[in-house]
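Trainee: have a look at this prediction, sequence included:
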Amino acid sequence: MKSTKFILKSAALVALCVPAAFAQQSGTSTTPSTNSPTIQQRKENQQDRIANGIQSGQLTAGETKNLENKEAGINKEESNMRASDNGHLTTADRSKINNQQNHVSNQIYTDKHNANTAHYGNNEVGQRRENQQDRIANGVRNGSLKPGQTAKLEGKEQGINHEVAGMRQANGGKLTTADKKTVNHQQNKVSKQIYNKKHS
């Protein structure tokens, strides 16, 4: 009876140890630096989170513009770091970029969970605004829009949103036919810019 328990305990111990030993033999390192996402993976993750926030309305055009300006700044700094070290990043460079990405990550979370949300309304102007945001979100998600491009587009969308709000305020919450025509013309311009930037 005692030998059976001993054999069972030994088998359980071997079952726990073998996978760890196999992982070490197969060349897999368990150091934090290799288990942490690479800088490129981190960028892609941040962009996916931003794209999801745009599409869900959790991120307004202004919030997205701010976040993407920060991402573009980090990308530029990384490029400069690589240029000064033959295309490589030092440990200090990686640490600095990771710290900056942590700040942006926290900002994404904060912006997605604050009271500001994008409201478009069930009308032609609202549907057009939502459609533009969906196109931008798709460009962010698939990488056809870079952070700097997205920031510029969202700055234009933010301007249109402010103008629509001003028009509504001046007309008792409604848009006149002339207002709708003006907004549609502005959205046509941004629509072309979205297309051009996604295909450049």
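Mentor: Happy to help now that I have it.

Trainee: gap between L175 and A72?
Mentor: 33 Å (C-beta to C-beta, to the nearest Å). From N, CA and C alone the C-beta is placed, and that goes for glycine too.

Trainee: go on, G172?
Mentor: 40 Å.

Trainee: these two: which is more packed in?
Mentor: Legend: neighbour count by other C-beta atoms under 10 Å for G172 and A72, higher for A72 (17 against 6).

Trainee: what residues are up against that one?
Mentor: Contact analysis of A72 by C-beta atoms under 8 Å, 6 or more residues apart in numbering lists 146-148, 151.

Trainee: one more time with 6 Å
Mentor: Residues in contact with A72 (C-beta atoms under 6 Å, 6 or more residues apart in numbering) are 147-148.

Trainee: quick check: mean pLDDT of the helix or strand harbouring it?
Mentor: Assigned by DSSP states H and E, A72 belongs to helix 61-83. pLDDT averaged over helix 61-83 equals 97, rounded to a whole number.

Trainee: hey, C-alpha coordinates of it in PDB?
Mentor: C-alpha atoms of helix 61-83 as PDB (Å, rounded to 0.1, in the frame of the first residue of the first chain):
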ATOM      1  CA  ALA A  61     -12.000  61.900 -32.200                       C
ATOM      2  CA  GLY A  62     -10.100  64.300 -29.900                       C
ATOM      3  CA  GLU A  63      -9.000  61.500 -27.600                       C
ATOM      4  CA  THR A  64      -7.900  59.400 -30.500                       C
ATOM      5  CA  LYS A  65      -6.000  62.400 -32.000                       C
ATOM      6  CA  ASN A  66      -4.100  62.900 -28.700                       C
ATOM      7  CA  LEU A  67      -3.300  59.200 -28.300                       C
ATOM      8  CA  GLU A  68      -2.100  58.800 -31.900                       C
ATOM      9  CA  ASN A  69       0.100  61.900 -31.600                       C
ATOM     10  CA  LYS A  70       1.800  60.300 -28.600                       C
ATOM     11  CA  GLU A  71       2.200  57.000 -30.500                       C
ATOM     12  CA  ALA A  72       3.700  58.900 -33.500                       C
ATOM     13  CA  GLY A  73       6.100  60.600 -31.100                       C
ATOM     14  CA  ILE A  74       7.300  57.300 -29.600                       C
ATOM     15  CA  ASN A  75       7.700  55.900 -33.100                       C
ATOM     16  CA  LYS A  76       9.800  58.900 -34.200                       C
ATOM     17  CA  GLU A  77      11.900  58.600 -31.000                       C
ATOM     18  CA  GLU A  78      12.500  54.900 -31.600                       C
ATOM     19  CA  SER A  79      13.500  55.600 -35.200                       C
ATOM     20  CA  ASN A  80      16.100  58.200 -34.000                       C
ATOM     21  CA  MET A  81      17.400  55.800 -31.400                       C
ATOM     22  CA  ARG A  82      17.900  53.100 -34.000                       C
ATOM     23  CA  ALA A  83      19.600  55.600 -36.400                       C
END
